[in-house]
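In: I need the structure of the sequence given here:
(4 chains)
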Number of protein chains: 2
Amino acid sequence: MKKQSSHATLTDVARAAGVGTTTVSRVINGGERVSQETLARVQAVIEELGYQPNQAARILKGERTRTIGLIVPSIADPFFSIVAEAAQEIARAHESLLILTVSNNDPTVELENLNVLTRHRTDGLLFAPAHSENRSLANMLDKLSTPSVTFDRPLYDSAVPSVVSNNYKGAKDATQHLIMHGCKRILCLGGEIDLYTIKERIRGYKEAVKQARLDAIVDTSIRDYESAKAAIESHFYSSNPPDAVFGLKNLATIYACEVFQKLNINVPKKVALVGFDDFELAATLRPSISVVRQPIVDIGRIAAELLFNQLLNPKRAKQSYGDQAKPQHIKLETQLVLRNSCGCKIGTN
Amino acid sequence: MKKQSSHATLTDVARAAGVGTTTVSRVINGGERVSQETLARVQAVIEELGYQPNQAARILKGERTRTIGLIVPSIADPFFSIVAEAAQEIARAHESLLILTVSNNDPTVELENLNVLTRHRTDGLLFAPAHSENRSLANMLDKLSTPSVTFDRPLYDSAVPSVVSNNYKGAKDATQHLIMHGCKRILCLGGEIDLYTIKERIRGYKEAVKQARLDAIVDTSIRDYESAKAAIESHFYSSNPPDAVFGLKNLATIYACEVFQKLNINVPKKVALVGFDDFELAATLRPSISVVRQPIVDIGRIAAELLFNQLLNPKRAKQSYGDQAKPQHIKLETQLVLRNSCGCKIGTN
DNA sequence: CTGTTAGCGCCTTCAA
DNA sequence: TTGAAGGCGCTAACAG
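Out: Numbers count the residues shown, from 1 in each chain, chains lettered A, B, ... in the order given. I've put the predicted structure just below:
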């Protein structure tokens, strides 16, 4: 009888094949310096025993763990699930595994995740920081020897590179487009004001209305359909209703669509609409919804590639903040996808 | 100078605190049998050094890895990203990490993932098998000591428990509902005929039309928008066009909507429509789309709970197929969500 | 080409 | 309440 419900070890294989452990080690690591016969025999035993090397033992010997940690606010969110898919693809190309954790945008949970991942000695870390100003997180990561890259949001005052969209310009473009359509009172609608992305988008929106000498009307009270309905009703049943809405994020835009439909407020005749973030069916809704599209796959892919670059070129890895070599901050451009909700007369489909 | 860019070890801590390694070990494992002073001193050193125990070393000592592997066809797919979120939540509750891999429904990739996860000695495995009839996979898993659970699809001829929706009944219900609306020629539209879920849904559809003595019209040629358009055109421009469509999956349904809109075929007057799987905006489209809704979160949650039950009660874990104790196969009921596309006159929103 | 051996970092007896 | 020592499975010298 063998050990109950356990895995075969390299020693087991060596014994069964009548060779030394080194030989087995050589076989599983490419089979260099091993005679054909021995190699075949050992491989047969490996097959028979269903042997798989114990990664933990390798790690202990100083090898890389071949895992990278990914911390996302939510994996059910299409944005982050697409980033995750792209990241895992790159990881796989580098023969690494992706360990997925979810932070809910909670810095405490984020820190916990970070610690667990550290215990597991992930080779690198990919994450969307809950708060971009988080001095203690920044210090911690700079001290940590684990290469890291943030995405969607930067981490200020740290040496951690980032890959984000140009939220500011995307929002400004969208707002200016509405202005070009003649809109005078543009409501900027959303929630989660603490997020870097939202702040940037609001900044872009404000810049655009300011340049056009229009009033900035910002409502960040949206949390769910109900709050969206309440907010929109209060704005549109007022004496001076908006003539356009800029949705700060996906759900805000979708809720706005639904509420307008429910209240029989015609889009785009009565109110023009542009949203941040494209979504499935944006082109199928009537009217079709104009949006600012982020290069989501690129964000995930480039962030992961940046990370593996650090892993493979450790030379620049330990630059600390303050060195003249600044961390790489990549800002990807967004694309304004014009459909009908903004007032454009673009052919359906 | 300390070792370059490496992590502090338990020995480092012990030395710095002027105690033995055993003491430090005790401190990080609850601090029993350690004097207050010593405990405080050691904790201070741990804090100062940013020490985190090396999980690999613990694993080598025989502890659980506190990781579970998740293999999904695609994480960008909303169905699987929701399952993943639910699973990671359960894992977190059990202080475990989720390692995410993507199979693309490719058995070869699936096997690779399985092997990598085995090398990492994940405590358990959660996966949606690419093919439900995969004898070698089944054998492999039965031999493997790693507790596993499949979701969305079972793995036949194996001792691996599963958590799936009642695809058969959901599809049958949907089809019968269309029949109740008076539909006589119901087109069953989709793709990926190899998948368990699709087969089951087709089975349910066929049973329903058979009971009503109607013809079964099944078209599984849908791969993308173009193929959907071609298929629908060929069916609807024929001499005997369908009066209803049953969408076998999300995208098939959505493509159908888009094509009908494009071809100016009125839903539900000209053709009734019910789809399998609910989706964001299904209620917002005009007409709103009636669907069969799966309890996705439950699938992920229950699968993960089943897995941890096995982990915590290893007694029944090693039941092999053929024992009288059959593996647990959980089938969750779906819900027919009636909106307007089927012909129901249900109030909007 | 092949085998022996010494740790990697931690936990767990066993003594003190 | 503390510490010393062995070993988990593997790899990398270092012999043969």
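
In: Mind jotting down where the helices sit in the stretch 101-250 of chain A?
Out: With DSSP state H, counting those that start in this stretch as the criterion, the stretch 101-250 of chain A has helices at A:107-119, A:135-143, A:167-180, A:196-211, A:225-236, A:250-262.

In: can these go into TSV with extra columns for mean neighbour count?
Out: For every residue, glycine as well, the C-beta is placed using N, CA and C. Conversion of these to TSV gives the following (neighbours: other CB atoms under 10 Å in any protein chain shown):
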stretch	mean neighbour count
helix A:107-119	18
helix A:135-143	16
helix A:167-180	22
helix A:196-211	20
helix A:225-236	17
helix A:250-262	22
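
In: Next up, the contacts around the residue lying closest to A:Ile186 once chain neighbours are set aside.
Out: Nearest non-adjacent residue to A:Ile186, counting by CB to CB, 6 or more residues apart in numbering or on different chains: A:Ala244, 4.3 Å away. Taking CB atoms under 8 Å, 6 or more residues apart in numbering or on different chains, we find A:Ala244 in contact with A:178, A:181, A:183, A:185-187, A:271-274.

In: redo that, cut-off 10 Å
Out: A:175, A:177-179, A:181-188, A:217, A:267-268, A:270-274, A:341-343 (CB atoms under 10 Å, 6 or more residues apart in numbering or on different chains).

In: I figured A:Thr11 was touching A:Val24, is that so?
Out: Yes - using CB atoms under 10 Å, A:Thr11 is in contact with A:Val24, at 8.2 Å.

In: With neighbour numbers in mind, choose between those two.
Out: Legend: neighbour count by other CB atoms under 10 Å in any protein chain shown for A:Thr11 and A:Val24, higher for A:Val24 (27 against 11).

In: From A:Tyr196, how far out is A:Tyr168?
Out: For A:Tyr168, the distance to A:Tyr196 (CB to CB, to the nearest Å) stands at 11 Å.

In: which element is A:Ile46 on?
Out: Element membership for A:Ile46 (DSSP states H and E) is helix A:36-49.

In: For whichever helix or strand comes after that helix, name the packing helices and strands.
Out: For helix A:36-49, the succeeding helix or strand toward the C-terminus, using DSSP H and E, is helix A:55-60. Judged by 3 or more CB pairs under 10 Å, 6 or more residues apart in numbering or on different chains; DSSP states H and E, the packing partners of helix A:55-60 are helix B:55-60, helix B:107-119.

In: Turn these into JSON lines, including distance to DNA strand C.
Out: As requested, the helices and strands packed on helix A:55-60 are exported to JSON lines (distance: least, CB to the nearest atom of the strand, whole Å):
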{"stretch": "helix B:55-60", "distance to DNA strand C": "3"}
{"stretch": "helix B:107-119", "distance to DNA strand C": "16"}
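
In: Just put the ones you listed in TSV and tack on mean pLDDT.
Out: Output for those, formatted as TSV (pLDDT from 0 to 100):
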stretch	mean pLDDT
helix B:55-60	94
helix B:107-119	96
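
In: quick one: which of these is nearest A:Gln52?
Out: helix B:107-119 (4.6 Å; CB to CB).

In: and that closest one with DNA strand D, contact?
Out: No - Helix B:107-119 stays clear of DNA strand D (CB under 7 Å from any atom of the strand), getting no nearer than 8.4 Å.

In: who in the stretch 101-250 of chain A is up against chain B?
Out: By CB under 10 Å from any CB of the partner chain, the residues of the stretch 101-250 of chain A that approach chain B are A:101-102, A:104, A:109, A:112-122, A:140, A:143-147, A:225, A:250.
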